[in-house]
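A.B. asks: Fold the stuff below for me.
(2 chains)
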Amino acid sequence: MQATQDPRPATASATESSESAIAIQNVTKSFGAQRVLDGVSFLVQRGETVAVLGRSGTGKSVLLRILVGLEAPDTGAAFILGTNMTEASPQDIAAARKQMGFLFQHAALYDSLTVADNVAFPLVHHRKDLSPSDRSDLVVDLLKEVGLEGHLNKMPSDISGGMQKRVGLARALALDPVVLLLDEPTAGLDPISSGEIDELVLKLQKEHQLASIVVTHDMVSAKTIATRIALMDRGKVLIEGSFDDLQKSDEHFVSQFLHRDF
Amino acid sequence: MSSTPAISQPILTKSNPILAMLEWFGEFGIFIWQVLRAAVTPPFQFAEFVRQLDDIGARSIPLVALAGSAIGVVLALEARYSLVRFGAKALLPSAIVFAVVTEMSPIITGLVVSGRVGAGIGAELAAMKVTEQIDAIEASAVDPRKLLAVTRILACIVALPLLTLAASFCGVLMGWLASTLVEPISLVHFISAGFKGAGFKDFLPPTFKTCVYGAIIGMVACFQGMRTKGGAEGVGSAATTSVVLSSLFVILADVILVKVILLLFP
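C.D. replies: Numbering: from 1, shown residues only, chains lettered A, B, ... in the order given. The predicted structure follows:
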């Protein structure tokens, strides 16, 4: 009900959204009869990492796709660094995308390009100022950061799923983003690799003051990297706060989710 | 209440072939408009265009040359039989050259390329779509229509006339070879007799009409690939429909273009 309000989100929220790196306002989204997002709102400031948790199919990935502008919400608005990703011009959306890194759930590496070329892709298209050797150096640095400097010339099909995720993360960081959106970055990874990814996200958060949203089912990861956690259920944000806040909650669903308490 | 039209619409479209066809043409029209806009706005993806030109053009040459050669041989054998019956054997070189260059090479090249390239583009882009690679390009602030569609469509437009020339060359050459094996005739005499009385208007419009075939093949295959949904089944379906639809539209375009060329170059 409240999701269908907010008739002029672009102008009404301009001040609020300009202060936040990421602003999601009353977003609703349905696929056929199924409403996956039902009036979702929250803000993320620079230096903050919000972990979005929830059962599978509750629209967490859709929320990220709306933020990137790959999916249009039925109502509501999503702002990245003040740009309304649902209503801005293609040029403004492209400018906002250059300032964000997005790690897809299944990495979405370009299968016709090598690992190095995948990471270089955003640099080739948006950093024309770099010479080929500078670009190569930067690619090596990025891959070093995710622990894959020895796999430059391999094809995506020749590396494991976890390694593909890390290449995807290196690609997401290539343009030195301000906003980082990670869709299940540790899914399918061993605990050591998961820990390395968590450390990397924490490091980026500290060094670059990134605003991040991490969609995950990994409670350990969420507890480690998130400054806040948003727990979603049936398309709504059920509870939002620190990990301690969630633990103190007497909501049955929260307890079920955190402790597998049935 | 509000969800009722949302679910009934696709079911209605799916079950009604006329609505589905109208929807397809509507989406195709929007896609063409987006591609045209992307084609004229910088930055231009020149390196990718050259790569596609090599993939679509250079790598199609053996197949097109073989098809052109086969047409030349078949025409030489068939035409000889008919012309000898009517006492017009002297017209054999002209019959072969005109048939090959004005109609057979362009249409055969169009159909061969729509089979090889249409399926290739359709399947490649469909696989990229279902594995979110196209979304990843878009998320990287690169227009996938510009990078993937414009480059492929332009490469098809440029490659088709060149491939048609290759098919025509092989067709005429093999037509002469087939003729001279039955009844020896020098290549010089065959060529001069074949091209006697012919002007550029007889050869250039039919060759360059294949630019339209290239545009059709590229646009249909890119559109089918980039709108794919589902997994492996969607990829297979995109490849098949790319070939079927582009071949169909190439044949329809040929009918129209033959008439247009006859009107413009009487």
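
A.B. asks: Give me the contact list for stretch A:153-173.
C.D. replies: With CB atoms under 8 Å, 6 or more residues apart in numbering or on different chains as the test, stretch A:153-173 has contacts from A:101-104, A:106-111, A:113-116, A:118-119, A:121-122, A:142-143, A:145-148, A:151, A:180, A:182, A:185-190, A:193, A:197, A:200, A:204, B:140. Using the backbone N, CA and C atoms, a C-beta is placed for each residue, glycine as well.

A.B. asks: Show me how far the helix or strand hosting A:Leu63 is from its chain's centre.
C.D. replies: Assigned by DSSP states H and E, A:Leu63 falls within helix A:60-68. Offset of helix A:60-68 from its chain centre (CA atoms, centre = their mean, to the nearest Å): 8 Å.

A.B. asks: Which members of the contacts of stretch A:153-173 occur in strands, if any?
C.D. replies: Cross-referencing the contacts of stretch A:153-173 against strands under DSSP state E gives A:Gly101, A:Phe102, A:Leu103, A:Leu180, A:Leu182.

A.B. asks: Just list what the host helix or strand of B:Ala95 packs against, helices and strands only.
C.D. replies: Using DSSP H and E, B:Ala95 sits within helix B:92-98. Of the remaining helices and strands, those touching helix B:92-98 by 3 or more CB pairs under 8 Å, 6 or more residues apart in numbering or on different chains; DSSP states H and E are helix B:61-85, helix B:151-182, helix B:187-194.

A.B. asks: Just put those helices in TSV and tack on mean neighbour count, mean pLDDT and distance to B:Ala123.
C.D. replies: What follows is the helices and strands packed on helix B:92-98, written out as TSV (neighbours: other CB atoms under 10 Å in any protein chain shown; pLDDT from 0 to 100; distance: least, CB to CB, whole Å):
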stretch	mean neighbour count	mean pLDDT	distance to B:Ala123
helix B:61-85	18	89	17
helix B:151-182	23	93	13
helix B:187-194	15	86	40
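
A.B. asks: closest to chain A out of those helices?
C.D. replies: Proximity to chain A, assessed across the helices and strands packed on helix B:92-98 by CB to the nearest CB, is greatest for helix B:151-182 (13.4 Å).

A.B. asks: report the angle between the axes of the closest one and helix B:187-194?
C.D. replies: Helix B:151-182 and helix B:187-194 are oriented at 110 degrees to each other (axes from the mean of the first three to the mean of the last three CA atoms, to 10 degrees).

A.B. asks: Which strands and helices lie in contact with helix B:151-182?
C.D. replies: helix B:17-40, helix B:46-56, helix B:61-85, helix B:92-98, helix B:105-113, helix B:187-194, helix B:200-208, helix B:210-226.

A.B. asks: about what we covered before: check whether the helix holding A:Leu63 contacts chain B.
C.D. replies: Yes: against chain B, helix A:60-68 shows contacts by CB under 8 Å from any CB of the partner chain at A:Arg65, A:Val68.

A.B. asks: Ramachandran coordinates for the residue of the stretch 101-250 of chain A found nearest chain B?
C.D. replies: Going by CB to the nearest CB, chain B is nearest to A:Ala108 of the stretch 101-250 of chain A, at 3.9 Å. As for A:Ala108, its main-chain torsions (degrees, to the nearest 10) stand at phi 50, psi 50.

A.B. asks: So what's the residue count around it?
C.D. replies: Counted with other CB atoms under 10 Å in any protein chain shown, the neighbours of A:Ala108 add up to 24.

A.B. asks: Who are the contact partners of it?
C.D. replies: Applying CB under 8 Å, 6+ apart, the residues contacting A:Ala108 are A:Gly168, B:Thr131, B:Glu132, B:Gln133, B:Asp135, B:Ala136.

A.B. asks: Mind putting the residues you listed into CSV with secondary structure?
C.D. replies: Below are the contacts of A:Ala108 laid out as CSV (DSSP: H, G, I helix; E, B strand; the rest coil):
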residue, secondary structure
A:Gly168, helix
B:Thr131, coil
B:Glu132, coil
B:Gln133, helix
B:Asp135, helix
B:Ala136, helix
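
A.B. asks: Which of the contacts of stretch A:153-173 are buried, as a ChimeraX select command?
C.D. replies: The buried subset of these, as determined by 16 or more other CB atoms under 10 Å in any protein chain shown, is captured in ChimeraX by this line:
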select /A:101,102,103,104,106,107,108,109,110,114,115,116,118,119,121,122,142,143,145,146,148,151,180,182,185,186,187,189,193,197,200,204 /B:140
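
A.B. asks: Restricted to helices, list the contacts of stretch A:153-173.
C.D. replies: A:115-116, A:118-119, A:121-122, A:142-143, A:145, A:193, A:197, A:200, A:204 (DSSP state H).

A.B. asks: Closest to the centroid, which residue in the chain?
C.D. replies: All of this refers to chain A. A:Leu181 (1.5 Å; CA atoms, centre = their mean).

A.B. asks: Wait, chain B was what I had in mind.
C.D. replies: Nearest residue to the geometric centre of chain B (CA atoms, centre = their mean): B:Gly110, 3.6 Å.

A.B. asks: which residues touch that one?
C.D. replies: Neighbours of B:Gly110 in contact, by CB under 8 Å, 6+ apart: B:Leu160, B:Thr210, B:Tyr213, B:Ile217, B:Val250, B:Asp254.

A.B. asks: again, but for B:Leu66
C.D. replies: Neighbouring residues of B:Leu66 by CB under 8 Å, 6+ apart: B:Cys170.

A.B. asks: Pick out whichever of the ones in helices among the contacts of stretch A:153-173 sits closest to A:Glu251.
C.D. replies: A:Ile197 (28.8 Å; CB to CB).

A.B. asks: wait, doesn't the closest one sit right on A:Asp190?
C.D. replies: No: A:Ile197 sits out of contact with A:Asp190 when judged by CB atoms under 8 Å, with a separation of 10.8 Å.

A.B. asks: about what we covered before: Serialize the contacts of B:Gly110 to CSV and add fields for distance to A:Arg135.
C.D. replies: As requested, the contacts of B:Gly110 are arranged in CSV below (distance: CB to CB, whole Å):
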residue, distance to A:Arg135
B:Leu160, 35
B:Thr210, 39
B:Tyr213, 39
B:Ile217, 35
B:Val250, 41
B:Asp254, 46
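
A.B. asks: between those, which has the most around it?
C.D. replies: Top of these by neighbour count (other CB under 10 Å): B:Ile217, with 35 neighbours.

A.B. asks: mind checking how far that one is from chain A?
C.D. replies: Using CB to the nearest CB, to the nearest Å, B:Ile217 is found at 21 Å from chain A.

A.B. asks: Show the contacting residues for that residue.
C.D. replies: Contacts of B:Ile217 (CB under 8 Å, 6+ apart): B:Gly110, B:Val113, B:Ser114, B:Val117, B:Gly118, B:Ile121, B:Cys156, B:Leu160, B:Ser246, B:Val250.

A.B. asks: can I assume the fourth one is in contact with B:Cys156?
C.D. replies: This means B:Val117. Yes: using CB under 8 Å, B:Val117 makes contact with B:Cys156 at a distance of 6.6 Å.

A.B. asks: got any residues that touch both of the two?
C.D. replies: The contact lists of B:Val117 and B:Cys156 share B:Ile56, B:Ile217, where a contact means CB under 8 Å, 6+ apart.

A.B. asks: before we move on, the earlier item: show the average pLDDT along the helix holding A:Leu63.
C.D. replies: Averaging pLDDT along helix A:60-68 gives 91.
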